[in-house]
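Novice: Sequence and computational prediction follow.
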Amino acid sequence: MNDTYSVASFYHFANWNDAHENVATISDEAQLNNIYGTILIAKEGINGTVAGEKIAINNFINYIKNYSIFSTLQVKYSISNVNPFKRMKVRFKKEIVALKQDKVDTINGRGSLVSPEDWNHLIEDEDTLVLDTRNVYEHRIGSFKNAKKVKTNSFREFPQWVENNLTNKDKKIAMYCTGGIRCEKASAFLKNNGFNEVYQLDGGILNYIEKIDKNNSLWDGECFVFDDRVSLDSKLKPGKHLLCYACRTPITFEDTQKDDYTKGVSCHNCISKLTKQKKDKFTERQRQVDIASKQGLKHIGQKIKKKHE
């Protein structure tokens, strides 16, 4: 049987003061449905990506939607021929996406949502500043045409980037990210700091790829995702990119043929920053991975059991 995993990505900002009390129950529900992935919950809402059998994913999403504050939860689905996660993690955090800024009102103060169908018209307007709020290694493999790339290595660096680069608070700004959560918080940050005309792509790149025909698309490249699929193509299927497990950045097969590349240890992006201590650590880790692989085991996590086989 060819295993196919349904992958669900979701987030929702809400006032959830007792969020910490729900970690165990959500974790138990995920395990009951034999689901793997990562879910972050905080007083500001929920953010997660999970994978499993389609029926199990549907059951779990319905469970989350039974919380009254998440009844309108929007979910983006994709598929994978392999399990893209090694374990299930449910964590309580201060933020569901870390900006490290106090009093960012994501409930009432976010930018205006723009549907994928209206996005092209907005970003083709020469008066619009299009901002890719993702990290450098993400927009390296794909972006919207004419987008200005925010040169950050972490979303927490975004406020400083704004301070250094955005001075005209009357400029029309259109923002996007992978699934919408970062640009939603970033747009709220801008609005809270006096920027007047701020828009965000509803559902992010993933929603745009799903809704807009490739012939009409202004998206160029693949979309980086934070799981073992690494990237998604124009059909929301796993793309051509691999991951350097040393620096966690996307690389191509051609990159693995370079002298700078050692599996699990280094690539051309990180070899110049590699200390002897890190090299030894990564080499030993890869040795353990190779041993586990030869024994038919996974170095981390266990295989998902198919409930309905």
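Specialist: Ah, there it is.
Novice: For the stretch 151-300 of the chain, which segments count as helices?
Specialist: 158-165, 181-192, 204-211, 276-294 (DSSP state H, counting those that start in this stretch).
Novice: Quickly compare the ones you listed and say which is most buried.
Specialist: Among these, ranked by average contacts under mean count of other CB atoms under 10 Å, first place goes to helix 181-192 (a mean of 24). Just so you know, the C-beta spots here come from the backbone N, C-alpha and C atoms, and that holds for glycine as well.
Novice: So Asn83 sits against Ala51, correct?
Specialist: Yes - using CB atoms under 8 Å, Asn83 is in contact with Ala51, at 5.9 Å.
Novice: quick one: which of those two has more around it?
Specialist: Ala51 (26 against 20; other CB atoms under 10 Å).
Novice: and that one, backbone torsions?
Specialist: Main-chain dihedrals, Ala51, degrees, to the nearest 10: phi -140, psi 150.
Novice: bridging residues for it?
Specialist: Ala51 has these beta-bridge partners by DSSP bridges: Val7, Tyr36.
Novice: end to end, how far does stretch 43-60 reach?
Specialist: 21 Å (CA to CA, to the nearest Å).
Novice: model confidence over that stretch, on average?
Specialist: Average pLDDT, stretch 43-60: 97.
Novice: Next: stretch 215-233.
Specialist: Computed over stretch 215-233, the average pLDDT equals 94.
Novice: Break the chain into its domains for me.
Specialist: Annotated domains of the chain cover 5-92, 112-221, 241-309 [automatic domain parsing].
Novice: Switch those over to JSON lines; also include distance to Ala98.
Specialist: Output for those, formatted as JSON lines (distance: least, CB to CB, whole Å):
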{"stretch": "domain 5-92", "distance to Ala98": "9"}
{"stretch": "domain 112-221", "distance to Ala98": "6"}
{"stretch": "domain 241-309", "distance to Ala98": "16"}
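Novice: Number of residues surrounding Lys89?
Specialist: Lys89: 14 neighbours (other CB under 10 Å).
Novice: bridging residues for it?
Specialist: Here Lys89 sits in beta bridges with Thr38, going by DSSP bridges.
Novice: Check Val75 too.
Specialist: Beta bridges link Val75 to Phe10 when assigned by DSSP bridges.
Novice: Just give me the neighbour total for it.
Specialist: Val75 has 18 nearby residues by other CB under 10 Å.
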